[in-house]
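*Asks:* Everything below, folded, please.
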Amino acid sequence: MSNGIFGSIRPAKINITNDVEIFYTFRPNRGESSDEFEGKFKELNPNDCLVSSTKSENNEVLDGIYTLKLPLDKFSTKGIYTIYIRPKEVSHTISDVSYLAAYPDVKGIVLKANTNLPIDLTGYRIEYPNGESRLIKSCNHCEPVIVNTGDGANKTTRYNLNVATSNLFFCTLTPSSAPTFKPNASPYIGEVGTEVKIINTKFSPKVIEVEMVTHDMDTLSYMLEGDQINDRDNAIITTYNDDHEIYHQSDYFVLKDNLGTPIYTVRKKRENINTNQEYENIINNEY
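*Replies:* Purely as a prediction, here's the structure:
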């Protein structure tokens, strides 16, 4: 007998345009806030930030792996950026809470179709203003019908499922069983006119912190262990990167007191790079 392990986690396969929302905020440093953001998040276009073209060596697309791109026009300032990636949320109003005419024990909510709602909401999550949430387990087009209840004196609106395209959805939710042992109890699924949020469940929200800095490990290594040339005639120290391109230049000089005694040795970054200090030219005696 095998003691297997069964998992339910699977890679997300999403539509970047329809399933994702991305927001970001900025702080110059950890102890200071930005006047531009004032603790608020700005929205980004997910198509400008996510790329899903990751493939294996067999040219197979690997679902659930996306490359994050940061637009330079928004992420060029030195500081700390907090990026919030979440499933897209659609605000909607419950049109009705009722039953199926053919199955009076099946209760659900009715939503009006619009361009913001997907064609099939099965598997989506509904969040209510009171903090509760439910999962949509079925979603079908429907049409309202008037039926008699009780002794026929009272009439109410019920719904029939309709395969033809209509502007109404009848959605059943889970959990659907009674929350208590009371026979007449039923789980809360909302009320008519309630403003709800409809959210896909294809992936979990992610928060990423990115710090933009002046130097990275490579540029620090240039200054610590990169090749340097000290031009004694012009008093210039030039530092080169791994490709022997000029990375940094400094002027150096000595400060003396009134008696001409050296007091300080100064090294100051040059703003105007002296291009005559090319590495190959100097090493090959081309100066």
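
*Asks:* Next, the contact list for the residue nearest the centre of the chain, please.
*Replies:* Most central in the chain under C-alpha atoms, centre = their mean is Ile85, positioned 1.9 Å from the mean C-alpha point. Shown in contact with Ile85 (C-beta atoms under 8 Å, 6 or more residues apart in numbering): Val20, Glu21, Ile22, Pro205, Lys206, Val207, Ile208. Heads up, the C-betas are built off the backbone N, CA and C, glycines and all.

*Asks:* before we move on, what about Thr238?
*Replies:* Gln228, Ile229, Asp231, Ile246, His248, Gln249, Asn274, Gln277, Tyr279.

*Asks:* Tell me which helix or strand it sits in.
*Replies:* strand 236-240 (DSSP states H and E).

*Asks:* got the contact list for the following helix or strand past that strand?
*Replies:* Toward the C-terminus, strand 236-240 is succeeded by strand 246-256 as the next helix or strand (DSSP H and E). Applying C-beta under 8 Å, 6+ apart, the contact partners of strand 246-256 are 219, 222-223, 226, 230, 235-241, 262-270, 273-275, 277-279.

*Asks:* Kindly give a single ChimeraX line that selects the buried subset of those.
*Replies:* Paste this into ChimeraX to select the buried members of those, with burial taken from 16 or more other C-beta atoms under 10 Å:
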select :222,226,236,237,238,239,240,241,277,278,279
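
*Asks:* which residues in this structure form helices?
*Replies:* Under the criterion DSSP state H, the chain contains helices at 16-19, 46-49, 217-225, 279-283.

*Asks:* May I have the strand ranked longest in the chain as PDB, with CA atoms only?
*Replies:* As assigned by DSSP state E, the longest strand anywhere in the chain is strand 133-149. Presented in PDB, the C-alpha positions along strand 133-149 are these (Å, rounded to 0.1, in the frame of the first residue of the first chain):
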ATOM      1  CA  SER A 133     -16.100  35.900   1.500                       C
ATOM      2  CA  ARG A 134     -17.600  33.100  -0.600                       C
ATOM      3  CA  LEU A 135     -16.500  31.100  -3.600                       C
ATOM      4  CA  ILE A 136     -18.600  30.900  -6.800                       C
ATOM      5  CA  LYS A 137     -19.100  27.200  -7.600                       C
ATOM      6  CA  SER A 138     -21.400  27.700 -10.600                       C
ATOM      7  CA  CYS A 139     -22.300  30.500 -13.000                       C
ATOM      8  CA  ASN A 140     -25.000  30.400 -15.600                       C
ATOM      9  CA  HIS A 141     -27.100  32.800 -17.700                       C
ATOM     10  CA  CYS A 142     -30.600  33.100 -16.300                       C
ATOM     11  CA  GLU A 143     -33.900  34.800 -16.800                       C
ATOM     12  CA  PRO A 144     -36.400  35.900 -14.100                       C
ATOM     13  CA  VAL A 145     -39.900  34.200 -13.800                       C
ATOM     14  CA  ILE A 146     -42.800  34.900 -11.500                       C
ATOM     15  CA  VAL A 147     -43.900  31.900  -9.500                       C
ATOM     16  CA  ASN A 148     -46.600  31.300  -6.900                       C
ATOM     17  CA  THR A 149     -45.500  30.400  -3.400                       C
END
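
*Asks:* Show me the shaky parts of this protein.
*Replies:* 1-4, 149-153, 177-184, 286-287 (pLDDT under 70).

*Asks:* The residue located most distally from the centre of it and Val266, how far apart?
*Replies:* Largest separation from the mean C-alpha position in the chain: Leu259, at 64.8 Å (C-alpha atoms, centre = their mean). Distance of Leu259 to Val266, given as C-beta to C-beta, to the nearest Å: 19 Å.

*Asks:* Check Leu111 too.
*Replies:* Taking C-beta to C-beta, one finds Leu111 at 72 Å from Val266.

*Asks:* Can you name the residues bridging to the residue nearest to the centre of the chain?
*Replies:* Ile22, Lys206 (DSSP bridges).

*Asks:* Kindly check the end-to-end length of stretch 67-75 for me.
*Replies:* 16 Å (C-alpha to C-alpha, to the nearest Å).

*Asks:* meant to ask about stretch 209-228
*Replies:* 35 Å.

*Asks:* Output stretch 34-49 as CSV, nothing but the C-alphas.
*Replies:* Only the C-alpha atoms of stretch 34-49 are listed here, as CSV (Å, rounded to 0.1, in the frame of the first residue of the first chain):
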residue,chain,number,x,y,z
SER,A,34,7.6,60.8,-0.2
ASP,A,35,5.5,64.0,-0.7
GLU,A,36,4.4,62.7,-4.1
PHE,A,37,3.0,59.4,-2.7
GLU,A,38,2.0,60.4,0.8
GLY,A,39,1.6,56.8,1.8
LYS,A,40,-0.6,56.0,-1.2
PHE,A,41,-0.1,53.5,-4.0
LYS,A,42,-0.1,54.3,-7.7
GLU,A,43,-1.3,51.8,-10.3
LEU,A,44,0.9,50.3,-13.0
ASN,A,45,-0.1,48.7,-16.3
PRO,A,46,0.6,45.0,-15.8
ASN,A,47,1.5,44.5,-19.5
ASP,A,48,4.4,47.0,-19.0
CYS,A,49,5.7,45.0,-16.0
